[in-house]
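[1] give me a model of this one.
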Amino acid sequence: MKTIISKSEEKMNKSIAALEHEYTSIRAGRANPSVLDKISVDYYGVPTKINQMAAVSVSEARMLVIQPWDMTTLKAIEKAIQTSDLGINPTNDGKVIRIAFPPLTEERRKELVKDVHKIAEESKVAIRSIRRDANEKLKAMKKDSAITEDDLKDGEKEIQNLTDKFCKKVDEIAKAKENEIMEI
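    Numbers count the residues shown, from 1 in each chain. Next up is the predicted model:
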């Protein structure tokens, strides 16, 4: 029974980590190198992440600088950024690529907050799914007479407490991201 509970907690922790990773790709008006994580560049026929073929740094609060290690990839990186869903036009000076992040409009901020809430809700659904799977395993153990009725109730209560704890954590992370987006 303890292994079911500990595995459930481990899976819920992974859901939180996935949520935090997903939030790093949402830009909140500030330059953040992680917005480039989903963009791949065709590098000699192999899709390669930008951070694996260039130094990406934040030069100012709203400016990313990409300096490729292989200067022949400059145009390919620029093209990959232009065709991505970032909606940002990079500038290429022949040595580095600069990406200026314009300040977000009020309307765009509200759209991003909706996305934040949608992603948070998806994480909660994943956590509740983990709870359901754990409860089913506990009930199967009870059916096989591996645990008693009291053990089943205790296990379900413990799983529910974990679920509540992690759902609360999702809400806290979502609220922090919302505050970051709405901050001017």
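
[2] A strand includes Thr48, no?
    Yes. According to DSSP: H, G, I helix; E, B strand; the rest coil, Thr48 belongs to a strand.

[3] report how many residues lie close to Leu162.
    20 (other Cβ atoms under 10 Å). The way it works is simple: take the backbone N, C-alpha and C, and place the C-beta from them, glycine included.

[4] contacting residues around the residue positioned nearest the centre of the chain?
    Residue closest to the average C-alpha location in the chain (Cα atoms, centre = their mean): Glu22, at 1.3 Å. Glu22 makes contact with Ile119 under the criterion Cβ atoms under 8 Å, 6 or more residues apart in numbering.

[5] if we use 10 Å, what do you get?
    When contacts are counted by Cβ atoms under 10 Å, 6 or more residues apart in numbering, Glu22 touches Asp115, Val116, Ile119, Ala120, Glu122, Ser123, Lys177.

[6] and what of Ala134?
    1, 4-5, 7-9, 11-12, 155-156, 158-160, 162-163.

[7] again, only using 8 Å
    Shown in contact with Ala134 (Cβ under 8 Å, 6+ apart): Ile4, Ile5, Lys7, Ser8, Gly155, Ile159.

[8] buried ones among these?
    The neighbour-count criterion (16 or more other Cβ atoms under 10 Å) marks Ile4, Ile5, Ser8, Gly155, Ile159 among the contacts of Ala134 as buried.

[9] check these and tell me the two furthest apart.
    Spanning the widest gap among the buried ones among the contacts of Ala134 are Ser8 and Gly155, at 9.9 Å by Cβ to Cβ.

[10] so for whichever helix or strand Glu178 is part of, mean pLDDT?
    Assigning secondary structure by DSSP states H and E places Glu178 in helix 149-182. Mean per-residue pLDDT for helix 149-182: 92.

[11] also stretch 10-28?
    86.

[12] what residues of that stretch count as buried?
    For stretch 10-28, burial by neighbour count (16+ other Cβ under 10 Å) applies to Lys11, Met12, Ser15, Ile16, Leu19, Glu22, Tyr23, Ile26, Arg27, Ala28.

[13] ok, back up a step: just the element for the residue nearest to the centre of the chain, please.
    Using DSSP H and E, Glu22 falls within helix 2-24.

[14] tell me the helix or strand right after that helix.
    strand 40-43.

[15] count of residues packed around Ser84?
    With other Cβ under 10 Å as criterion, Ser84 counts 16.

[16] for the residue of the chain most remote from its centre, give its distance to Ser40.
    In the chain, Ser145 marks the outermost C-alpha relative to the chain mean, sitting 40.9 Å out by Cα atoms, centre = their mean. Going from Ser145 to Ser40 by Cβ to Cβ, to the nearest Å gives 53 Å.
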